[in-house]
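>>> Sequence and predicted structure are below.
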Amino acid sequence: MKKALSVIFVFSMIVMWATPALAAGYPWGNHAAPFDFLFGNEIDSHQQSKAVGAARLQGFLYIHYTGETVNGVPVAEHTDCNAMPEACFAGWAFQGVKMEARLVSADMLPVFCTDARVLAKLPGFSHFHWIGDPMMGMDLVPGQVYQGYLMRMVAQSKFYFRHHETLTLVTPGVDTVSHANIQPCNP
């Protein structure tokens, strides 16, 4: 009985110590191992991830708080975390699945499409990001097929996210709205 209470006490202390670290997310480390995967374009300034096998990613998408609030909820946006690492926080944890997608339009947030049968098997996966060039989304070519990762993003806290002058309320859990840019198309 005494041993069981000791184990419970030690476990409780570990959980109490680890909880704040988990809640804060993974700190920005400029792609230091193990989160050393690079997309090779602009997203690398605010993402850290690691390859999990040959066709999957696991990582974090970072935000910084602007100091503004809307109805008491803080406003956040992406920033270059290398320029201000102490101000960057993990806004989302994500899982990524390697795939290809065709660019439909290159407006403020590029919109891609992929096989509807593939999307049906990946509920909650709503953001596609390409690998390599071009560096910026505005230089993507409509109709071209790009290799990249389709991501399932899980928000870590509640905040308003400013992305391309749009404010979206983000709440903890699977986020299929703030970065949604994938739609079904014919193979």
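Yep, that arrived.

>>> hang on, isn't Met135 packed against Glu42?
Yes - distance between Met135 and Glu42: 5.7 Å, which falls inside the contact criterion (Cβ atoms under 8 Å). All C-beta spots, glycine's among them, are computed from the backbone N, C-alpha and C.

>>> Which of those two has more residues huddled nearby?
Here Met135 and Glu42 are set side by side on neighbour count (other Cβ atoms under 10 Å), and the busier one is Glu42, at 16 against 12.

>>> what sits in contact with each of Met135 and Glu42?
Contact criterion Cβ atoms under 8 Å, 6 or more residues apart in numbering; no residue bridges Met135 and Glu42 by contacting each.

>>> Please name the residues that touch the residue minimising distance to the centre of the chain.
Nearest to the mean C-alpha position of the chain, counting by Cα atoms, centre = their mean, stands Leu61 at 3.6 Å. With contact taken as Cβ under 8 Å, 6+ apart, Leu61 is in contact with 46-47, 78, 90-92, 94, 153.

>>> which strand in this protein runs the most residues?
Secondary structure assigned by DSSP state E gives strand 89-105 as the longest strand of the chain.

>>> Looking at that strand now, give me its mean pLDDT.
The predicted model gives strand 89-105 an average pLDDT of 97.

>>> same deal with stretch 43-61?
Across stretch 43-61, the average pLDDT comes to 96.

>>> now do the same end-to-end measure for it.
Taking Cα to Cα, to the nearest Å, stretch 43-61 runs 9 Å from one end to the other.

>>> ditto for stretch 164-180
Comparing the first residue of stretch 164-180 with its last one, the separation is 13 Å (Cα to Cα).

>>> and if you look at stretch 60-79?
Stretch 60-79 end-to-end distance (Cα to Cα) = 14 Å.

>>> do the same with stretch 30-45
Between the start and the finish of stretch 30-45 there is a gap of 8 Å, counting by Cα to Cα.

>>> Repeat that for stretch 83-95.
25 Å.

>>> which residues of this protein fall in helices?
Under the criterion DSSP state H, the chain carries helices at the ranges 2-24, 116-120.

>>> least reliable of the ones you listed going by mean pLDDT?
Lowest mean pLDDT within the helices of the chain: helix 2-24, a mean of 36.

>>> Which residue comes closest to Cys81 once chain neighbours are left out?
Distances taken as Cβ to Cβ, 6 or more residues apart in numbering put Cys88 closest to Cys81, at 3.9 Å, once the chain neighbours are dropped.

>>> If you could redo that for Asp80, that was the one I meant.
With Cβ to Cβ, 6+ apart as the measure, Ser45 is the residue that lies nearest to Asp80, at 4.3 Å, once sequence neighbours are left out.
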